[in-house]
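Colleague: coordinates for the following, if possible.
(2 chains)
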Amino acid sequence: MSELDAFRTEVREWLEANCPAEMREPIRDEDDVCWGGRNFKFKNAAQKAWLDACVAKGYTVPDWPKPYGGAGLTPEQTKILKQEMKRIKARSPLDSFGIWMLGPALLQFGTEEQKVHYLNPIARGEIRWCQGYSEPGSGSDLVSLQTFGEDKGDHWVVNGSKIWTSYADKADWIFCLVRTDKANKYQGITFMLFDMESKGVTTKPILLISGNSPFCETFFDDVEVPKTQFVGEINRGWDVAKYLLGHEREMISGGGAGGDMVSIGGAFAKAFGKNAAGELDDPILRAEMAAFDVDVFAYRAMGERFMDMWKTGRAHPASSNMMKYVGTELNKRRHELVMSGGGSEALEWDSEETKGGARARGWLRTKANSIEGGTSEVMLNVIAKRILDLPGA
Amino acid sequence: MPLYHNDDQAMLKDSVAPFVAEQAPVSHLRKLRDAADATGFSRDLWAQFTEMGLPGMLVPEAHGGLGMGHMEAGIVLEEIGRNLTPSPFLSTSVGAVAALAKAGGTQAGRWLPAIASGEAIIALAIDEGAKHRPDRIATTATRAGNGFRLDGKKGFVLHGHVADMSIVAAKTDGGITLFAMPKDAKGVTADPRRLVDSSLASHVTLDGVEVDADAVIGEVDAGGEILDALLAATRTGAAAEMVGVGQGAMDMTVTYLKERKQFGKLIGEFQGLQHRAAHLYGEMEVARATVMKAQELLDQGSEGAKLMVSVAKAKAGRAANLAVREGVQMHGGIGMTDEYDIGLYMKRDRALAEYMGDVHYHIDQVARMNGY
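Modeller: Got it, this is the predicted structure:
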């Protein structure tokens, strides 16, 4: 038996012994997601037990080094762990912007002291992070941000506001882009970290067309941030931000085709009538769903290839833009089909049977996918310029 | 297995890519076309393929081949696609080898070594109508004497007029049976037609063709599984070739966008064209990954291979079709000229798209495999 086969066996046994049955059920609502953080209330004992077990093993961040709370797994081992978790339909033990975005940036740009100090609590789900990037008026032109940190010797005094800060009202800390040099557009931004309980920080949720929202407006009014709390170099925060955006796109596109990416037509086969040949009795919708399924299975293969290449440094740095573009457009298409397939039932906004209009709200929510984290048009610009090397782009 | 080429595969690509590009670039196809070559491919080139060991890549080592997998064959097919190289590689070295290796027995022992040594060209006589419907085979094989008698019509048989042997799918009493029909069998006529891409495909008429009992590939009535292996391999191979065709067309087009000026600007500066080129890039990358996934699953003998093969043929079909359409459009008027190569890519793509099931056929298969 090869080492990897032995590892797979070990993982299977460990999951069997440690993943509670309740954690092998599909996620039904927001309560089922474990976000961690200072104020997080576990839904049940199983959710906590599953997190604790994964934390102890380093499996919330399996590919991070052990001193920072990871398991130090190789890319191949990490892939096996994910395959095995998927096989038993295990829920993610911890969902976290700290894991998806800040962590990779700290691993790349942080000092040894920062890594030890910040990464371990992220791995254990103790601090919930939010991201302060976008500003009113800056949109896709992120680098035009205006929130300003005034140099006061040992600290900055930060003033300004951020928008689309996901879960800012529930987060403990924020990683934030702040202008520290007004004269220099790209090299005048610093990547800062600070506590959301700092004096002068306020948040306000934004209601979206879906009728709810993870998003907030966040205001900074003379917030004091110690000069030790930045990542990378002062005024070179754009380097960190760019790196991190790659990971954000990876995350958004990773969910691109939705959950475990089962056949959409298969899921609707039960709800629809079938003709004598056993086919969905709306031939046009059947064809659209099947064409979509082809794209979903194809995108899943691309996701696997992208991760294999990304983890071993083979991927083009801008390939995450391509993944983001393809994945989000696909996800929007999926939800259009979900609405078509659901018919009048999918229109219901608040009935119990529809879990509070989950389909309609989900459909509306996905319209943001090709806007947040860089619009589809910006993604295409980046591909044209950085991958295809087209002129003047 | 990771979904990128490992060191050995990268080395194979490094030797095959320049070889095909130098020995059989698009001008090679033009030369055969302009000479109205009656074979449809160059025997000299096939001899060079043989020196490289390519015809027997998939042939098991016990039969004199290299015992490689579909991932490796895909590397060769992509270069064949990129250069529009006319060659019997797909039918002979991929489709026929998959069937013979799966079946084993007398016919495998006879033909696999001949394929590996470059001596045998094999045709696949599967389709009967204008569209690929392998579940509706009407050609019959009835017992006669100490063998069988074949009757029926086959179409779209690539290399059918020059093949040393044709694999014929026929209906027998209890199922489908595959036959190794030798070139000189009595009662066979192969009528070659020139296709849009300058290749030659035959209408084959089987009029009481007598074959020996040992011409059966595998077992009588049990050809279904062998046919499935042949189809999976050939479809995946065609998809890999389409990725090459699409990539070749896209590369030409992107280069053109960087050279051609209109309104005092390089046309590649226009956002309208940039976005279309970037979208095409994404589609091509997804198609490539999908084809690699299908190759991987086939090489592993995985149950999921059948679904992914259809996904790959459909996805590669869509992506390559987009690449050639955008290629001709973005080239403008010059793209419509015979002198310029981009149109040849559109023609080859059309032929490959139809071969062994078009996009719609495979989308429908995906729906069926998912229970709707």
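
Colleague: now the helices: where do they sit in the stretch 151-300 of chain A?
Modeller: Along the stretch 151-300 of chain A, the stretches classed as helices by DSSP state H, counting those that start in this stretch are A:237-254, A:264-268, A:283-311.

Colleague: please apply the same query to chain B.
Modeller: Secondary structure of chain B (DSSP state H): helices at B:7-23, B:26-34, B:43-51, B:70-82, B:97-103, B:105-116, B:223-257, B:271-300, B:305-331, B:342-354, B:359-369.

Colleague: please enumerate residues in contact with the fourth one?
Modeller: This means helix B:70-82. The list of residues contacting helix B:70-82 from outside it, by Cβ atoms under 8 Å, 6 or more residues apart in numbering or on different chains, reads B:5, B:9, B:12-13, B:16-17, B:19-21, B:54, B:57-58, B:85, B:87, B:89-90, B:93-94, B:233, B:236-237, B:240-248, B:291-292, B:294-296, B:298-299, B:348, B:352. C-beta coordinates here come from the backbone N, C-alpha and C atoms, glycine included.

Colleague: could you pull out the strands in chain A for me?
Modeller: A:129-132, A:148-151, A:155-163, A:173-179, A:189-195, A:201-205, A:216-226, A:230-231 (DSSP state E).

Colleague: could you dump the ones you listed to TSV with mean pLDDT and distance to chain B?
Modeller: Formatted as TSV, those follow (pLDDT from 0 to 100; distance: least, Cβ to the nearest Cβ, whole Å):
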stretch	mean pLDDT	distance to chain B
strand A:129-132	94	25
strand A:148-151	96	32
strand A:155-163	96	26
strand A:173-179	96	26
strand A:189-195	97	26
strand A:201-205	95	34
strand A:216-226	96	31
strand A:230-231	96	31
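
Colleague: and these: which comes nearest residue B:258?
Modeller: Closest approach to residue B:258 among these is made by strand A:189-195 (32.2 Å; Cβ to Cβ).

Colleague: quick revisit: mean pLDDT lowest where, among the helices of the stretch 151-300 of chain A?
Modeller: In terms of mean pLDDT, the lowest-scoring of those is helix A:237-254 (a mean of 75).

Colleague: and residue A:325, how far from residue A:374?
Modeller: From residue A:325 over to residue A:374 the distance is 9 Å, taken as Cβ to Cβ, to the nearest Å.

Colleague: next one: residue B:271 from residue B:115, what distance?
Modeller: Distance from residue B:271 to residue B:115, by Cβ to Cβ: 51 Å.

Colleague: what do you get for residue A:108?
Modeller: Distance, residue A:108 to residue B:115, using Cβ to Cβ: 51 Å.

Colleague: those two: who's more crowded?
Modeller: residue B:115 (28 against 14; other Cβ atoms under 10 Å in any protein chain shown).

Colleague: quick check on the contacts of helix B:70-82: which are buried?
Modeller: Neighbour counting by 16 or more other Cβ atoms under 10 Å in any protein chain shown classes B:5, B:9, B:12-13, B:16-17, B:19-20, B:54, B:57-58, B:85, B:87, B:89-90, B:93-94, B:233, B:236-237, B:240-248, B:291-292, B:294-296, B:298-299, B:348, B:352 among those as buried.

Colleague: still on that earlier bit, now render the helices of chain B as JSON lines, adding mean pLDDT.
Modeller: Shown next, in JSON lines, are those (pLDDT from 0 to 100):
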{"stretch": "helix B:7-23", "mean pLDDT": "97"}
{"stretch": "helix B:26-34", "mean pLDDT": "97"}
{"stretch": "helix B:43-51", "mean pLDDT": "98"}
{"stretch": "helix B:70-82", "mean pLDDT": "98"}
{"stretch": "helix B:97-103", "mean pLDDT": "98"}
{"stretch": "helix B:105-116", "mean pLDDT": "98"}
{"stretch": "helix B:223-257", "mean pLDDT": "98"}
{"stretch": "helix B:271-300", "mean pLDDT": "98"}
{"stretch": "helix B:305-331", "mean pLDDT": "98"}
{"stretch": "helix B:342-354", "mean pLDDT": "98"}
{"stretch": "helix B:359-369", "mean pLDDT": "97"}
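
Colleague: nearest to residue A:125 among those would be which one?
Modeller: Comparing these under Cβ to Cβ, the one sitting nearest is helix B:271-300, at 32.8 Å.

Colleague: and that closest one, what's buried?
Modeller: For helix B:271-300, using 16+ other Cβ under 10 Å, the buried residues are B:273-299.

Colleague: report the angle between it and helix A:283-311.
Modeller: Here helix B:271-300 runs at an angle of 80 degrees relative to helix A:283-311 (axes from the mean of the first three to the mean of the last three Cα atoms, to 10 degrees).

Colleague: residue in the stretch 101-250 of chain B nearest to chain A?
Modeller: residue B:250 (9.0 Å; Cβ to the nearest Cβ).

Colleague: circling back to that earlier point, select, out of the helices of the stretch 151-300 of chain A, the one closest to residue A:342.
Modeller: helix A:264-268 (8.4 Å).

Colleague: which of the residues in the closest one are classified as buried?
Modeller: Going by neighbour count (16+ other Cβ under 10 Å), the buried part of helix A:264-268 is A:264, A:265, A:266, A:268.

Colleague: so the first one makes contact with residue A:296?
Modeller: Read that as residue A:264. Yes. Applying Cβ atoms under 8 Å as the test, residue A:264 and residue A:296 come out as touching, 7.0 Å apart.

Colleague: around chain B, pick out the residues from the stretch 151-300 of chain A.
Modeller: A:263, A:265-266, A:268-269, A:272, A:274, A:278-280, A:286-287, A:289-291, A:293-295, A:297-299 (Cβ under 8 Å from any Cβ of the partner chain).

Colleague: put the buried members of those into a PyMOL selection.
Modeller: Restricted to buried positions by 16+ other Cβ under 10 Å, the PyMOL selection for these reads:
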select buried, chain A and resi 263+265+266+268+269+272+279+280+286+287+289+290+291+293+294+295+297+298+299
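
Colleague: coming back round to it: just the buried ones among the contacts of helix B:70-82 that are near chain A?
Modeller: Okay, of the buried ones among the contacts of helix B:70-82 touching chain A (Cβ under 8 Å from any Cβ), that's residue B:292.

Colleague: for residue 101, the count of nearby residues, please.
Modeller: Since you didn't name a chain, this refers to chain A. What residue A:101 shows, counting by other Cβ under 10 Å, is a neighbour count of 23.

Colleague: ah, no, chain B please
Modeller: The burial count for residue B:101: 20, using other Cβ under 10 Å.

Colleague: same check, this time on residue B:56
Modeller: Quick note: residue B:56 (other Cβ under 10 Å) scores 26 neighbours.

Colleague: now the nearest residue to it once chain neighbours are set aside: how far from residue B:100?
Modeller: Nearest residue to residue B:56, sequence neighbours excluded (Cβ to Cβ, 6 or more residues apart in numbering or on different chains): residue B:116, at 2.8 Å. Going from residue B:116 to residue B:100 by Cβ to Cβ gives 11 Å.

Colleague: the more surrounded of these two?
Modeller: The neighbour comparison of residue B:116 against residue B:100 (other Cβ under 10 Å) goes to residue B:100, with 31 against 25.

Colleague: and that one, how far from residue B:113?
Modeller: Residue B:100 sits 10 Å away from residue B:113, going by Cβ to Cβ.

Colleague: ditto for residue B:169
Modeller: From residue B:169 over to residue B:113 (counting by Cβ to Cβ), the distance is 23 Å.

Colleague: same check on residue A:196?
Modeller: Distance from residue A:196 to residue B:113, by Cβ to Cβ: 73 Å.

Colleague: comparing these two, which residue is more hemmed in?
Modeller: A count of neighbours by other Cβ under 10 Å puts residue A:196 above the other of residue A:196 and residue B:113, at 22 against 17.

Colleague: look up phi and psi at that one.
Modeller: Main-chain torsions, residue A:196, degrees, to the nearest 10: phi -70, psi -10.
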